[in-house]
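> here's a sequence, model it:
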Amino acid sequence: MQPQRDTEMAIRDIESKTSAFEQENYYAVSLLAPIRRLPAEMLSEIFTLAIIEYGCSALRLTHICRSWRSVLLAMPWIWSKIKVGARTSSEKIECLLERTGRVTLDVEIDTESDARAYTSDPCQYYTALMVLAGTSVRWRNLTVCSLPMEERFGTLPPFNGPLESLESFRMPLPCEMNNTLGNLIDLTRKVERSKLTVLELSSASALYRFAEASFAVFHFLQVFKVDLAGAKNPLNLLPHFQCLEDLYVHRLHLPLYSHTVHLPLTGTLKRLFLKSTSVQWMNNRTFSKLVECTIIWPHFPETLVGQSGVDLSSCISFTYGDHLLQPLGAFNLSSVDKLVVRNEAWNLPRGGQQLGFIVGPNGAIERIIRPRVLHLDTQRYDQHLITALKMTPQVEELILRLVRPDALGKKLFLAMVAKRGRANLHPTNNEEGEGVPGIDSSPAWTASLCPNLRVLGLKYRRWLGEHEDDELTPLFRKIVETRSRSDTPLQSLKVWRTKDTTVQEAQELVG
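As a prediction, this is how the structure comes out:
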């Protein structure tokens with residue numbers, strides 16, 4: 001028995017040594033990996049792509065190996081994104097600032113997210129923000145989510161301004177005006193040669209503070225976004241936007257503008273979103289570069305009716321939502337590709353109004369709009385809708401929002417069914433071009449209404465009751481089945497049975 005035990009021990013010893021040699025060999029092979037022979041400049045490019053495009057953590061990458069760590073620590077911009085809260089340690093901020101060197105900083109201040117575990121000792125709080133305040137001249141992008149409550153902690157030391165490097169100032173959430181916020185705004189708007197191009201605010205008091213005494217801060221903005229509450233006094237902002245490309249405003253109080261007032265933004269705007277804001281200023285103006293426009297619940301839409309109109313001839317995507325639909329006729333949308341018309345007034349007279357501006361007044365051919373994507377809220381005007389769709393045969397996507405299945409009758413859906421064409425009684429040609437008598441045994445299937453349709457969606461607020469007969473679903477399936485034989489089969493036909501039905505829950509009838 002002893003010789004057998006000695007043999008087993010010898011075998012285990014050999015296996016252990018073999019495993020150790022294999023591990024050493026693995027490490028040696030890894031040292032010869034191609035990535036270890038890359039120069040630091042190329043590694044920097046790879047790390048940049050990994051961090052920006054794929055969201056890799058720079059801190060975790062530093063833990064891979066010593067060489068990666070040294071390369072990453074030599075890339076100061078990686079550490080320039082700094083988020084500071086109430087309990088962020090000053091040592092962490094000092095370390096990041098040391099790594100960033102002299103590069104500009106992207107700063108996010110959110111002191112409420114981690115301030116719930118409040119203690120009686122305020123010295124434990126905001127030390128990091130006090131350190132960061134001394135570097136404000138290097139701030140490039142500033143996001144203010146929340147600031148310290150001064151009644152609890154007092155005013156922070158003044159920031160080291162002015163904010164000469166600042167390119168964007170964002171306040172995505174309502175923030176109460178206090179001395180700290182007022183100081184930041186003043187240091188931003190008083191810069192002589194401002195680099196600020198992006199301004200996003202969610203506080204009327206902050207906007208009024210920016211507009212105090214002078215509107216110079218708005219002259220070179222490219223993006224202006226506000227979502228306000230409690231803006232009582234009108235602000236004469238529009239004439240001061242000289243370079244604006246994106247305008248997103250919700251509940252902004254604007255004055256009434258004469259058509260003689262020069263508004264430079266009409267020649268620079270590319271994207272426009274207005275909600276619960278006046279559209280009166282748009283009348284009798286041409287927006288030469290505007291490609292996307294959304295108008296929801298506008299103020300003073302009646303001022304556009306019967307006037308010279310709004311020239312949006314470059315607009316590709318247009319969305320309009322309101323009870324009053326007559327102003328739609330004031331917009332020149334000759335290049336529109338996607339048209340969305342929302343109307344929550346679920347009644348017959350208003351349910352068909354949005355069709356009139358598609359066809360134009362009295363069917364005037366020069367006013368016909370020809371979108372490729374059409375989304376409509378409509379009611380039971382089958383023939384009106386059929387007429388409008390016949391004038392837009394290029395529609396590839398049609399989404400209809402309806403109250404109930406009886407909001408539209410069977411006539412519209414029957415018109416969408418593809419039918420088999422007549423047999424070809426004319427001779428066909430052979431390869432030599434000679435006439436060959438005969439009949440085409442497989443005539444084409446075509447749809448007279450929306451022949452190019454590929455996507456059809458029906459969004460109902462409520463579907464049939466338990467005891468009501470479903471006569472529409474068989475029609476929908478017939479549309480899918482017959483069009484599958486045509487040259488342009490449907491790629492999707494979805495039915496939303498309630499207003500709460502999600503895209504994933506919608507019934508797909510294709511496939």
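
> and Lys494, what element?
strand 492-496 (DSSP states H and E).

> swap in Ser205?
Ser205 belongs to helix 204-210 when elements are defined using DSSP H and E.

> which helices and strands sit right next to the following helix or strand past that helix?
The first helix or strand that comes after helix 204-210 along the chain, using DSSP H and E, is strand 223-227. In terms of contacts (3 or more Cβ pairs under 8 Å, 6 or more residues apart in numbering; DSSP states H and E), strand 223-227 is packed against strand 198-201, strand 246-250. Bear in mind the C-beta positions are built from the backbone N, C-alpha and C, glycine included.

> so how far is the lengthiest helix in the chain off the chain centroid?
Across the chain, the helix with the greatest residue count (assigned by DSSP state H) is helix 2-31. Helix 2-31 sits 59 Å away from the centroid of its parent chain (Cα atoms, centre = their mean, to the nearest Å).

> average pLDDT for it?
Averaged over helix 2-31, pLDDT sits at 77.

> what of stretch 228-248?
92.

> do stretch 77-89 as well
For stretch 77-89, mean pLDDT rounds to 87.

> then it to PDB, C-alphas only?
Provided in PDB are the C-alpha atoms of stretch 77-89 (Å, rounded to 0.1, in the frame of the first residue of the first chain):
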ATOM      1  CA  TRP A  77     -10.300  64.900 -20.700                       C
ATOM      2  CA  ILE A  78     -11.400  61.400 -19.500                       C
ATOM      3  CA  TRP A  79     -11.500  62.800 -16.000                       C
ATOM      4  CA  SER A  80     -13.100  66.100 -16.900                       C
ATOM      5  CA  LYS A  81     -16.700  65.000 -16.300                       C
ATOM      6  CA  ILE A  82     -17.300  65.800 -12.700                       C
ATOM      7  CA  LYS A  83     -20.600  65.200 -10.800                       C
ATOM      8  CA  VAL A  84     -20.800  66.700  -7.300                       C
ATOM      9  CA  GLY A  85     -23.400  66.200  -4.600                       C
ATOM     10  CA  ALA A  86     -23.900  67.200  -1.000                       C
ATOM     11  CA  ARG A  87     -21.700  64.500   0.400                       C
ATOM     12  CA  THR A  88     -19.100  64.100  -2.400                       C
ATOM     13  CA  SER A  89     -15.700  64.100  -0.800                       C
END
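
> buried ones in that stretch?
Ile78, Trp79, Ser80, Ile82, Val84, Gly85, Ala86, Arg87, Thr88 (16 or more other Cβ atoms under 10 Å).

> could the residues you listed go into JSON lines alongside distance to Glu98 and secondary structure?
Formatted as JSON lines, these follow (distance: Cβ to Cβ, whole Å; DSSP: H, G, I helix; E, B strand; the rest coil):
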{"residue": "Ile78", "distance to Glu98": "13", "secondary structure": "helix"}
{"residue": "Trp79", "distance to Glu98": "9", "secondary structure": "helix"}
{"residue": "Ser80", "distance to Glu98": "12", "secondary structure": "coil"}
{"residue": "Ile82", "distance to Glu98": "12", "secondary structure": "strand"}
{"residue": "Val84", "distance to Glu98": "16", "secondary structure": "strand"}
{"residue": "Gly85", "distance to Glu98": "20", "secondary structure": "coil"}
{"residue": "Ala86", "distance to Glu98": "23", "secondary structure": "coil"}
{"residue": "Arg87", "distance to Glu98": "21", "secondary structure": "coil"}
{"residue": "Thr88", "distance to Glu98": "16", "secondary structure": "coil"}
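
> in those residues, find the pair that's most separated.
Across the buried residues of stretch 77-89, the two members that end up farthest from each other (Cβ to Cβ) are Ile78 and Ala86, 25.1 Å apart.

> wait, isn't His471 in contact with Phe413?
Just to correct that, residue 471 is Glu rather than His. No: look at Glu471 against Phe413 with Cβ atoms under 8 Å: they stay out of range, at 9.8 Å.

> can you map out the strands along the stretch 201-350 of the chain?
223-227, 246-250, 271-275, 285-286, 292-296, 310-311, 317-321, 331-332, 338-342 (DSSP state E, counting those that start in this stretch).

> using PDB, list the CA coordinates for the third one.
The one in question is strand 271-275. What follows is strand 271-275, C-alpha atoms only, in PDB (Å, rounded to 0.1, in the frame of the first residue of the first chain):
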ATOM      1  CA  ARG A 271     -35.900  72.600 -35.500                       C
ATOM      2  CA  LEU A 272     -38.900  74.100 -33.800                       C
ATOM      3  CA  PHE A 273     -41.000  72.800 -30.900                       C
ATOM      4  CA  LEU A 274     -43.800  75.000 -29.500                       C
ATOM      5  CA  LYS A 275     -46.200  73.900 -26.800                       C
END
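
> partner strands of it and their direction?
strand 246-250 (parallel), strand 292-296 (parallel) (DSSP bridges).

> output those strands as TSV; include the columns mean neighbour count and distance to Leu129.
Formatted as TSV, these follow (neighbours: other Cβ atoms under 10 Å; distance: least, Cβ to Cβ, whole Å):
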stretch	mean neighbour count	distance to Leu129
strand 246-250	19	29
strand 292-296	19	37
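
> which one of those lies nearest to Gly182?
Nearest to Gly182, of those and by Cβ to Cβ, is strand 246-250 at 22.7 Å.

> which residues touch that closest one?
Strand 246-250 is contacted by residues 222-228, 241, 265, 269-277 when judged by Cβ atoms under 8 Å, 6 or more residues apart in numbering.

> thought His253 was touching Ala231, still the case?
Yes: using Cβ under 8 Å, Ala231 makes contact with His253 at a distance of 4.5 Å.

> list the helices and strands the lengthiest strand in the chain packs on?
Counting residues, the longest strand found in the chain (DSSP state E) is strand 139-146. If you count contacts as 3+ Cβ pairs under 8 Å, 6+ apart, strand 139-146 packs onto strand 105-110, strand 168-170, helix 179-189.

> now do the domain split for this protein, please.
33-74, 337-418+444-511 (automatic domain parsing).

> closest to Leu201 out of the buried residues of stretch 77-89?
Nearest to Leu201 among these: Val84, at 20.4 Å, using Cβ to Cβ.

> got the contact list for the closest one?
Contacts of Val84 by Cβ under 8 Å, 6+ apart are Ile93, Val107, Glu108, Ile109, Asp110, Thr111, Ala128, Leu129, Leu132.

> who wins on neighbours among those residues?
Tallying neighbours with other Cβ atoms under 10 Å puts Ile109 at the head of those, with 27 neighbours.

> spatially nearest residue to that one (excluding sequence neighbours)?
Leaving aside its chain neighbours, Ile109 sits nearest to Val144 (5.2 Å; criterion: Cβ to Cβ, 6 or more residues apart in numbering).

> what sits against the one you found?
So Val144 contacts Ile109, Phe169, Arg170, Met171, Cys175, Leu181, Leu184 (Cβ under 8 Å, 6+ apart).

> so can I have JSON lines of those residues showing pLDDT?
Converted to JSON lines, these look like this (pLDDT from 0 to 100):
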{"residue": "Ile109", "pLDDT": "91"}
{"residue": "Phe169", "pLDDT": "96"}
{"residue": "Arg170", "pLDDT": "96"}
{"residue": "Met171", "pLDDT": "96"}
{"residue": "Cys175", "pLDDT": "86"}
{"residue": "Leu181", "pLDDT": "89"}
{"residue": "Leu184", "pLDDT": "90"}
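
> now tabulate the residues you listed in a markdown table and tack on distance to Val191.
Below are the contacts of Val144 laid out as a markdown table (distance: Cβ to Cβ, whole Å):
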| residue | distance to Val191 |
| --- | --- |
| Ile109 | 19 |
| Phe169 | 11 |
| Arg170 | 17 |
| Met171 | 18 |
| Cys175 | 21 |
| Leu181 | 17 |
| Leu184 | 12 |
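
> and those residues, which is closest to Gln23?
Using Cβ to Cβ, these come closest to Gln23 at Ile109, 48.5 Å.
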